[in-house]
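Trainee: The sequence and its predicted three-dimensional model are supplied below.
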Amino acid sequence: MFGRWFGGRAAAAAEAGPLAGVAVPPTAGVLSCRVLDPGGEPVQRAEFILSDSSGRKVVGGETDPFGSVMATVPAGEYRLAVTADGFTPYRRNATVSESAHAGVGDVTLQIATPPPLPEPGEWEIEPMHSQIGFTARHIGLARIHGRFNIFAGAVRIAERMDESAMHVIIDASSIDTNVRMRDDHLRSADFLDVANYPTLEFYSERFVHRGGGHWGVTGALTLHGVSRTVTLDTRYLGIGSGMEGETRAACRATTELHREDFTLTWQTMVARGIAVVGSSIAIDLDVQIVRKS
């Protein structure tokens, strides 16, 4: 079974012992499994977490293209959790012994019922419970986290979700990294140049369902006077009710921008030629929408 998961070389090694050819500390063991869908096909990039008896995460990661998981961990009792978009989470206990292979076997995930979609009509982003944040690399070491504090957005939900549209406007001057001097520099002509480009805008008419609650929202992002096509990797979270009983829908979305694509080319180097600000900027959105009043 071990060989079937990890290929012919592992099969040959398994004949000499389940851990032959695998470097394992004497106080550790190996846990493995294969994650499948109900049709018996491997589930790629399913997330797995092994937690100890106190609930602390010991190791985690994603399944490989064959749906396989293999982790070397200290001997002990563990809780294995496997999650994948569109499937019901899977959990089970597992025991890993010293210098031994704990083969969990095939883990079959069940199809999850997708959350209900918002009703067709006009919706708007509720800013008090939404956030537009970003992360950038600083001098090749630390990461800087920031956000935009002022934004507004409208969402038109169509009868067919893939025909929906959204328009978001962000006040560029509302950038906030919690350091006034840095924020002033980001507002200057070196970066956002808010005097000439006071807003960032995103407009999309392409909602593509990728399975389960996973959607790709593709549109034009206009930043610093330049428009580029951007896809938001979006996870729809479902519908709930606010404190006043109003219906809300929520999602999380991420994407990555390269500032040179938007002519944000200011650059200063420190020792060894490391850029003060990295090229890639990760964007994270937590959004709640409500019916437009």
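Mentor: Perfect, I can see it now. All figures in this text were calculated on a predicted structure; none of them were measured in a lab.

Trainee: what sits against Ile170?
Mentor: Contacts of Ile170 were listed using CB atoms under 8 Å, 6 or more residues apart in numbering, and they are 132, 148, 150-151, 199-202. (Glycine included, C-beta is placed from N, CA and C.)

Trainee: Would you mind listing which of these are buried?
Mentor: The neighbour-count criterion (16 or more other CB atoms under 10 Å) marks 132, 148, 151, 200, 202 among the contacts of Ile170 as buried.

Trainee: Look up the residues forming beta bridges with the last one.
Mentor: Residues found in beta-bridge contact with Phe202 (criterion: DSSP bridges) are Val168, Leu221.

Trainee: Could you verify my assumption that it touches Ala154?
Mentor: No - taking contacts as CB atoms under 8 Å, Phe202 lies outside contact range of Ala154: 11.4 Å.

Trainee: Show me the common contact partners of those two, please.
Mentor: Overlap of the contact sets of Phe202 and Ala154 (by CB under 8 Å, 6+ apart) consists of 166-167.

Trainee: Asp261: which of the buried ones among the contacts of Ile170 is nearest?
Mentor: Looking at the buried ones among the contacts of Ile170 and their distance to Asp261, the nearest is Leu200, at 13.4 Å (CB to CB).

Trainee: I'd like to know how far that closest one sits from Gly219.
Mentor: As judged by CB to CB, to the nearest Å, Leu200 and Gly219 stand 12 Å apart.

Trainee: what do those two both touch?
Mentor: A shared contact of Leu200 and Gly219, defined by CB under 8 Å, 6+ apart, is any residue touching both; here there are none.

Trainee: so where's the chain shaky on pLDDT?
Mentor: With pLDDT under 70 as the threshold, the chain has low-confidence stretches at 1-22, 138-141, 264-278.

Trainee: tell me which element the most centrally placed residue in it is part of?
Mentor: Of all residues in the chain, the one closest to the mean position by CA atoms, centre = their mean is Thr254, 6.2 Å from it. Take DSSP states H and E as the rule and Thr254 turns out to sit in strand 247-258.

Trainee: Identify all contacting residues around that strand.
Mentor: Taking contacts as CB under 8 Å, 6+ apart, the residues outside strand 247-258 that touch it are 117-119, 123, 126, 129, 215, 217, 221, 223, 230-242, 279-291.

Trainee: what do you get for stretch 122-137?
Mentor: Outside stretch 122-137, the residues that reach it (CB under 8 Å, 6+ apart) are 143-148, 150-157, 168, 170, 248-249, 277-278, 280-292.

Trainee: 6 Å instead, please
Mentor: The contact list for stretch 122-137, computed with CB atoms under 6 Å, 6 or more residues apart in numbering, reads 143-148, 151, 153-156, 278, 281-292.

Trainee: what's the domain layout of the chain?
Mentor: Per the record's domain assignment (automatic domain parsing), the chain is made up of the domains 2-108, 121-291.

Trainee: From Gly133, how far off is Val226?
Mentor: Computed with CB to CB, the distance linking Val226 and Gly133 is 21 Å.

Trainee: who does the helix or strand containing Val59 pair up with?
Mentor: Using DSSP H and E, Val59 sits within strand 57-62. Partners of strand 57-62 in the sheet, by DSSP bridges, are strand 47-51 (antiparallel).

Trainee: how far is the partner strand from where the chain is centred?
Mentor: Counting by CA atoms, centre = their mean, to the nearest Å, strand 47-51 is centred 16 Å from the centre of its parent chain.

Trainee: One more: stretch 144-157?
Mentor: Remark: stretch 144-157 is offset 18 Å from the chain centroid, using CA atoms, centre = their mean.

Trainee: Go through that stretch and flag the buried ones.
Mentor: 144, 146, 148, 151, 153, 155, 157.

Trainee: Tabulate those residues (JSON lines), appending distance to Val179.
Mentor: Formatted as JSON lines, the entries for the buried residues of stretch 144-157 read as follows, by distance: CB to CB, whole Å:
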{"residue": "Ile144", "distance to Val179": "9"}
{"residue": "Gly146", "distance to Val179": "9"}
{"residue": "Phe148", "distance to Val179": "15"}
{"residue": "Phe151", "distance to Val179": "21"}
{"residue": "Gly153", "distance to Val179": "27"}
{"residue": "Val155", "distance to Val179": "33"}
{"residue": "Ile157", "distance to Val179": "39"}
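
Trainee: Now for those residues: which two are most distant?
Mentor: Longest distance between any two of those is 34.9 Å, between Ile144 and Ile157; criterion CB to CB.
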